[in-house]
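Peer 1: sequence and predicted structure below; questions after.
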Amino acid sequence: MQQPLIPIFSQLKFQVESIKELMNCVSFFSMEQEIYPGGRTCLELLTHIVLIPEADYWLSQGASAEEIKQFYFYWQKELTTIEMLEARIDLSFSILEDAYKELEQEDLDRKSKSYWGTMYSQTEWLLVIITHLSHHRSQLFSFLKVEGEDLRTIRLFE
């Protein structure tokens, strides 16, 4: 792996581990609760979160809106327990990490266009993934706080 990517992947791994800790605070009852009125349920949010590293990688490779929709549709039905969600986020992270392991600098600098028209280098896509994970990790954290969970032992930053 290129040296400049090591700290990025370290931060991604930290986020994945803190998300898994938060997932283990979700009660069975909370799984079907909306995270805010009219929003996703907690289970829908968790399913989205665990797929972000892989899905956003596919976006960086030019996946179409339909391909991403089908990807999420398939996994929405498959991921029904915290254990499955934990395993899936580990797999999603591994897929992303493996995809970047052998890239050379010119590969990292290569820009690709998303189906909505945004253009990023492969390194910039990693920053997008960190931001995307942070955003939804924060939603999950806030939801669990509102649900009354004690999250004092959960570290969101190193």
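Peer 2: The structure has been received and is ready for your questions. Numbers count the residues shown, from 1 in each chain.

Peer 1: can you pull the buried residues of the longest helix along the chain?
Peer 2: Among the segments of the chain that qualify as a helix by DSSP state H, the longest is helix 122-146. Neighbour-count burial for helix 122-146 flags 122-126, 128-130, 132-133, 136-137, 139-141, 143-144 (criterion: 16 or more other C-beta atoms under 10 Å). C-beta: built from backbone N, CA, C; applies to glycine.

Peer 1: what's the answer for stretch 151-158, then?
Peer 2: Judged by neighbour count using 16+ other C-beta under 10 Å, the buried positions of stretch 151-158 are Ile154.

Peer 1: any idea how far Ser121 is from the residue of the chain most remote from its centre?
Peer 2: Of all residues in the chain, Glu106 has its C-alpha farthest from the mean position, at 25.6 Å, by C-alpha atoms, centre = their mean. Distance from Glu106 to Ser121, counting by C-beta to C-beta, to the nearest Å: 10 Å.

Peer 1: equivalent analysis for Gly39, please.
Peer 2: With C-beta to C-beta as the criterion, Gly39 and Ser121 are 32 Å apart.

Peer 1: what about the strands in this structure?
Peer 2: Under the criterion DSSP state E, the chain carries strands at the ranges 111-113, 119-121.

Peer 1: among the ones you listed, which is nearest Ile82?
Peer 2: strand 119-121 (32.2 Å; C-beta to C-beta).

Peer 1: quick one: mean pLDDT over that closest one.
Peer 2: Here strand 119-121 scores 97 as its mean pLDDT.

Peer 1: and it, what's buried?
Peer 2: Result for strand 119-121 [16+ other C-beta under 10 Å]: buried residues Tyr120.

Peer 1: then stretch 91-100?
Peer 2: Along stretch 91-100, these residues count as buried under the neighbour rule (16+ other C-beta under 10 Å): 92-93, 96-97, 99-100.

Peer 1: show me the contact partners of that stretch.
Peer 2: For stretch 91-100, the surrounding residues in contact (C-beta atoms under 8 Å, 6 or more residues apart in numbering) are 1, 5, 9, 12-13, 16, 50-57, 122, 126, 129.
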